[in-house]
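**Q** Please work out how this folds:
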Amino acid sequence: MKKNIAILMGGYSSEFDISIQSGNVVYKHIDREAYIPYRVHITKDGWFYVSDDNQKHRIDKNDFSLTINDSKIIFDAAFNIVHGTPGEDGLLQAYFELIGIPQTACDFYQAALTFNKRDCISTLKPYGIPTATNYFLNKGDNINTKAILDTVGLPCFVKANKAGSSYGVSKVNTEAELLPAIDVAYKEDDEIIIESFLSGTEVSVGVITYKGKDTVLPITEIVSENEFFDYEAKYLGKSQEITPARLSEEDTKKVQDLALKIYQILKMKGFSRSEYIFHNGEPHFVEMNTNPGFSEASILPQQALAAGISLKDLLTNTIEEAILNYD
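**A** As a prediction, the model looks like this:
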C-alpha cells in the first residue's frame, strides 16, 4: 500500500522561495509507485496542502491531518525540506515528535544546535575541531570596534547567527565597513558572529545516513566569482561547484574524516552538508546545514549523483530511514 508523504516546504524566513524550489524537486523525483506525495506549504498565515491545480487546503495542526471532500488524510511521514525556521531550527522536529509522525530531518535538539552557529562551534571546540577565531554580539550590546578587530583581525566576516543561504553575511576589509556590516546582520537576527578570515580552498561535504550507515558523499570544491560564497554565488551562477573537489588524497581523507567525526559527535541523522576552508593546510569547520538546498542546482543532489545515488533512491532511502528509526 502506498504511503502518504507530506513534503514540507516554505517556512518563515528569507529562505522561503529557495525552500519552495527544493520541495518541488522532491515532489518531482519522489517514487510515485511507493508514495503519494502532498506538497505542504508552511507559511506564517497557515499550513496548506497545495494541489497540482494550485488549490489550497488547510492542514489541521492538531494532528497534522488533511480533509478533502469529507475524507481525512493521515500522513505516514513528513519530508522536511524547510530551510531556516521552523524547519531547520528544531521547531518542526519537536512538533512531529509530540504528535507522533516520523520526519526526515535530524532530531529537534541537533537541529536547534546546528542552526545556532555560535552554539555549534562552542560544542565542537572541546573536541579539537579547528574553526575561525570568533567574536559574539547580541543586539543591544556595546560595540567596541577595537576589541572586535583586535580579536578577529582584518579582513573578517560578520554573520547573522541564525540564518542560511548567506543572508546577513558581509566581508569586512576595513574598520569603516564593520558597523554597516553589523547593521546588515542585525536585519536577519538579533545575534551576530564575527569571524576571522580563513584563506584557502573552500569545500562542502555532504554526510547522510544511507542504508543504515553514516556515509560521506563526494566533496564539492567552491570557487566563487565574488569575494565569498554569497547568495549570488550560490543561486545566481556566480560560482563554480566542482565535484569531486580538486584535492590531494591526503586532504580528501582529512576533510572526510573530520566531516564524519562532526556528524557523529553531534549525533546527526538524515541529510547534512557542512562547509570547510583549508587554512594553513588543515580543514577548518565553518557551519553545518541540516536541511541543505535541494534545488536542481544544489550541492547535495550533485554529490549524491557523483556517488551513484539517484535522486529517487536518495529520497526513498531518506523516507524509509525516518520511518524505520522512528521511536
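
**Q** where does the stretch 51-200 of the chain have low pLDDT?
**A** Residue ranges of the stretch 51-200 of the chain with pLDDT under 70: 164-166.

**Q** Run through the strands of it in chain order.
**A** 56-60, 65-68, 71-74, 77-80, 134-138, 156-160, 169-172, 191-196 (DSSP state E, counting those that start in this stretch).

**Q** Show me which residues of the third one are buried.
**A** It refers to strand 71-74. Using 16 or more other CB atoms under 10 Å as the test for burial, strand 71-74 gives no buried residues. In short, each C-beta sits where N, CA and C put it, glycine included.

**Q** and if you look at the first one?
**A** Using 16+ other CB under 10 Å as the test for burial, strand 56-60 gives residue 59.

**Q** helices and strands around that strand, which ones?
**A** strand 46-50, strand 65-68 (3 or more CB pairs under 8 Å, 6 or more residues apart in numbering; DSSP states H and E).

**Q** Looking at the strands of the stretch 51-200 of the chain, which is nearest to residue 113?
**A** strand 191-196 (14.1 Å; CB to CB).

**Q** Make JSON lines out of the helices and strands packed on strand 56-60 and add distance to residue 33 and mean neighbour count.
**A** Below are these laid out as JSON lines (distance: least, CB to CB, whole Å; neighbours: other CB atoms under 10 Å):
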{"stretch": "strand 46-50", "distance to residue 33": "21", "mean neighbour count": "17"}
{"stretch": "strand 65-68", "distance to residue 33": "22", "mean neighbour count": "15"}
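
**Q** right, and the helix or strand after the helix ranked longest in the chain?
**A** The helix that spans the most residues within the chain, counting by DSSP state H, is helix 249-265. Moving toward the C-terminus from helix 249-265, the next helix or strand (DSSP states H and E) is strand 273-279.

**Q** quick one: strands adjacent to that following strand?
**A** Using DSSP bridges, the strands paired with strand 273-279 in its sheet are strand 202-210 (antiparallel), strand 282-289 (antiparallel).

**Q** now the longest one, how far from the chain's geometric center?
**A** Averaging C-alpha coordinates over strand 202-210 and over its chain gives two centres that are 11 Å apart (CA atoms, centre = their mean, to the nearest Å).

**Q** For the very next helix or strand once past that strand, what is the distance to the chain centroid?
**A** Beyond strand 202-210 in the direction of the C-terminus, DSSP H and E gives the next helix or strand as strand 213-216. Mean-position distance between strand 213-216 and its chain equals 17 Å (CA atoms, centre = their mean).
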